[in-house]
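[1] got a predicted structure here, sequence first:
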Amino acid sequence: MLRPLIRAYPIQYQHFIPPHLPTMTNESQASTQGKTQNALPAVLMESGSSKGLFIHCKDLPEKEADWAATLLSAARSPVCDGVSSVTVVGPSTIPGIDVEFTFVHVNAAQDALDFGGSCGDMEAGVGPFAIHEDLVKPTPGQNAIDIRIFNTNTSRTIFATVESADDGGIGEDGACATADREGGPGGEDNVAILDLIGGVTGRMFPTGRKMEALTLFRQGFRPLRTWVTLMDVAEPCVLLDAMTVPGLVWSSAPGSTVYLDFIATIRREAAVRMGLAVSEEAAAGLRDTPKIALVSGPTEWGQTLHVHHFDLGAPHRVIQKTVAVCVAAAACIPMTVPESVAEFVCINGGASSAPRLGAREPAVIRPDAETVIETRKEVHVGHADGEEHVSLFVGKDQKGNLVVGRDITISTARRIWAGDLPYDP
């Protein structure tokens, strides 16, 4: 059963985390300036290109509806030492699943939590967190640990293969170097998502069209038309053809009001068309759903295509994992915006399906029994800080329908801080 979207207005994605966070010695309460506060055990992690809090489900109220008071106070977003991304992890009761997690966008300014979608970067940290916190117990001597994960936001199954150390712990100091890694090379974490299609809307193409025009009407200006692909693979996304962006927008700075208003307007209209909101006014309350990215041809040799991604309404130098997966899937499907600009090149005399980043396919990934044709595709999604490598299995089911069976992305994750966060009772 799909989770209903909850309106929220997250106004800022926090990348700055202060070097010193509070650590409480009392597990249940702490006193700050004479005021009694509760303490919430938490771990701050760098995961992919993001940072966020990881919290045990057992340390929060049983009902999600009762999480708001605790998370809004503990996360302290959007103040300078706050975070807006929280991942709640716990053991799973689903057969064959090791752990499950819920991703939460926190916005204390609006007293709101948003459960509307997941975050591909935070997903990369779930496996390492589960191992660190003894939710998954590896066997000493393993080079890699396979973990089966369920995401409650989108009802998706995720398989993570985490590089391990000789003692059975996490290999955070490995040699894996990705463009989104801020702290240098780290341990390799391969993340594969199953059930990629329609996790939120129920369809790969919610409108039934692979490419369509959006026309914007502004008082005093002639109508502006641009072409998009509206797609729900790994995450609901608006994939906008950069070549059809009006000159008025391109001539403006990326952070200008004209530029950001254009992006916001496109995203709101797309949300209505995709069935994520009943009106553009309601869509404004889902500021991060759907995701939006400008897609153009490759800017460097070896890239398949290039993307400018927007996170919480602002330009983002890198691209979230789930958005990269959606872009990559669209690049493999004829008559979509990404496919129209994609260039699959040959590398070292072989097809572009040869991995270039040393990707190790998770051991738990196997072809689906119902898929009769399946091909592995390698897509290199360029962005301002480098590129994201996505490995996809694309095929057709027994009825001849196009399917995207699974993906594999490479990431890293590391613990920055662990302790107790004070929050008001």
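    Received it, and whenever you're ready, just let me know what you need.
[2] rest of the way, CA atoms for contacts and neighbours
    OK.
[3] top helix in the chain by residue count?
    Determined from DSSP state H, the single longest helix within the chain is helix 257-273.
[4] now do the helices in the stretch 101-250 of the chain.
    Remark: helices assigned in the stretch 101-250 of the chain by DSSP state H, counting those that start in this stretch are 120-132, 247-250.
[5] that older thread, using CSV, list the CA coordinates for the longest helix of the chain.
    The C-alpha coordinates for helix 257-273 follow below in CSV (Å, rounded to 0.1, in the frame of the first residue of the first chain):
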residue,chain,number,x,y,z
THR,A,257,14.4,34.6,-8.9
VAL,A,258,13.5,34.2,-12.6
TYR,A,259,15.5,30.9,-12.9
LEU,A,260,14.2,29.4,-9.6
ASP,A,261,10.6,30.5,-10.2
PHE,A,262,10.7,28.7,-13.6
ILE,A,263,12.0,25.5,-12.0
ALA,A,264,9.4,25.7,-9.2
THR,A,265,6.5,26.3,-11.7
ILE,A,266,7.6,23.4,-13.8
ARG,A,267,7.8,21.1,-10.8
ARG,A,268,4.4,22.2,-9.4
GLU,A,269,2.6,21.6,-12.8
ALA,A,270,4.4,18.3,-13.2
ALA,A,271,3.3,17.2,-9.7
VAL,A,272,-0.4,17.8,-10.6
ARG,A,273,0.0,15.8,-13.9
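[6] tell me which strands and helices that helix is in contact with?
    Helix 257-273 is packed against strand 212-216, helix 247-250, helix 280-283, strand 291-296, with contacts defined by 3 or more CA pairs under 8 Å, 6 or more residues apart in numbering; DSSP states H and E.
[7] quick one: that helix to strand 212-216, angle?
    Orientation note: helix 257-273 sits at an angle of 130 degrees relative to strand 212-216 (axes from the mean of the first three to the mean of the last three CA atoms, to 10 degrees).
[8] average pLDDT across helix 257-273?
    For helix 257-273, mean pLDDT rounds to 90.
[9] buried ones in it?
    For helix 257-273, a neighbour-count test (16 or more other CA atoms under 10 Å) marks 258-260, 262-273 as buried.
[10] let me know the closest of the residues you listed to residue 62.
    The shortest gap between residue 62 and any of the buried residues of helix 257-273 belongs to residue 271, at 31.0 Å (CA to CA).
[11] what stretches of the stretch 1-150 of the chain score poorly on pLDDT?
    Residue ranges of the stretch 1-150 of the chain with pLDDT under 70: 1-37, 77-81, 108-110.
[12] for it, what spans make up the strands?
    Remark: strands assigned in the stretch 1-150 of the chain by DSSP state E, counting those that start in this stretch are 29-32, 35-47, 50-56, 85-91, 99-107, 112-114, 144-151.
[13] hang on, the earlier thing: of the helices and strands packed on helix 257-273, flag the one that's most buried.
    Across those, averaging neighbours per residue (mean count of other CA atoms under 10 Å) puts strand 291-296 on top, at a mean of 25.
[14] and of the buried residues of helix 257-273, the nearest to residue 137?
    Nearest member of the buried residues of helix 257-273 to residue 137, counting by CA to CA, is residue 271, at 41.2 Å.
[15] hmm, back to that, out of the strands of the stretch 1-150 of the chain, nearest to residue 329?
    strand 144-151 (19.9 Å).
[16] name every strand pairing with that closest one and say which way it goes.
    The strands beside strand 144-151 in its sheet (DSSP bridges) come out as strand 99-107 (parallel), strand 156-163 (antiparallel).
[17] and of these, who's closest to residue 133?
    So among these, strand 99-107 is nearest, using CA to CA, at 11.5 Å.
[18] about what we covered before: any chance of the strands of the stretch 1-150 of the chain in CSV, plus mean neighbour count?
    Formatted as CSV, these follow (neighbours: other CA atoms under 10 Å):
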stretch, mean neighbour count
strand 29-32, 15
strand 35-47, 20
strand 50-56, 23
strand 85-91, 21
strand 99-107, 25
strand 112-114, 23
strand 144-151, 22
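[19] residue 212: which of the ones you listed is closest?
    Ranking these by proximity to residue 212 (CA to CA) places strand 112-114 first, at 28.3 Å.
[20] distance from the closest one to the middle of the chain?
    17 Å (CA atoms, centre = their mean, to the nearest Å).
[21] check which helices and strands it sits against.
    Packing partners of strand 112-114 (3+ CA pairs under 8 Å, 6+ apart): helix 68-75, strand 99-107.
[22] adding distance to residue 246, write the ones you listed out as JSON lines.
    Listed next are the helices and strands packed on strand 112-114 as JSON lines, based on distance: least, CA to CA, whole Å:
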{"stretch": "helix 68-75", "distance to residue 246": "39"}
{"stretch": "strand 99-107", "distance to residue 246": "32"}
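[23] which among the ones you listed is found nearest to residue 159?
    The nearest among those, by CA to CA, is strand 99-107 at 10.5 Å.
[24] could you export that closest one as PDB, CA atoms only?
    Backbone C-alpha positions of strand 99-107 (Å, rounded to 0.1, in the frame of the first residue of the first chain) are rendered in PDB as follows:
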ATOM      1  CA  VAL A  99      16.200  -4.200   8.100                       C
ATOM      2  CA  GLU A 100      13.800  -1.600   7.100                       C
ATOM      3  CA  PHE A 101      14.000   2.200   7.100                       C
ATOM      4  CA  THR A 102      11.800   5.300   6.800                       C
ATOM      5  CA  PHE A 103      13.300   8.500   5.400                       C
ATOM      6  CA  VAL A 104      12.000  11.800   6.800                       C
ATOM      7  CA  HIS A 105      12.500  15.400   5.600                       C
ATOM      8  CA  VAL A 106      12.400  17.600   8.700                       C
ATOM      9  CA  ASN A 107      11.400  21.200   8.600                       C
END
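[25] out of the strands of the stretch 1-150 of the chain, which is closest to residue 313?
    Of these, nearest to residue 313 by CA to CA is strand 99-107, at 13.9 Å.
[26] can you give me how far that closest one is from the chain middle?
    Mean-position distance between strand 99-107 and its chain equals 11 Å (CA atoms, centre = their mean).
[27] show me what it is in contact with.
    8-11, 71-72, 75, 77-78, 83-92, 112-115, 117-119, 122, 126, 130, 135-136, 147-153 (CA atoms under 8 Å, 6 or more residues apart in numbering).
[28] just to revisit the earlier point, okay if I get the strands of the stretch 1-150 of the chain as a markdown table plus distance to residue 413?
    Listed next are those as a markdown table, based on distance: least, CA to CA, whole Å:
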| stretch | distance to residue 413 |
| --- | --- |
| strand 29-32 | 30 |
| strand 35-47 | 4 |
| strand 50-56 | 9 |
| strand 85-91 | 14 |
| strand 99-107 | 16 |
| strand 112-114 | 23 |
| strand 144-151 | 14 |
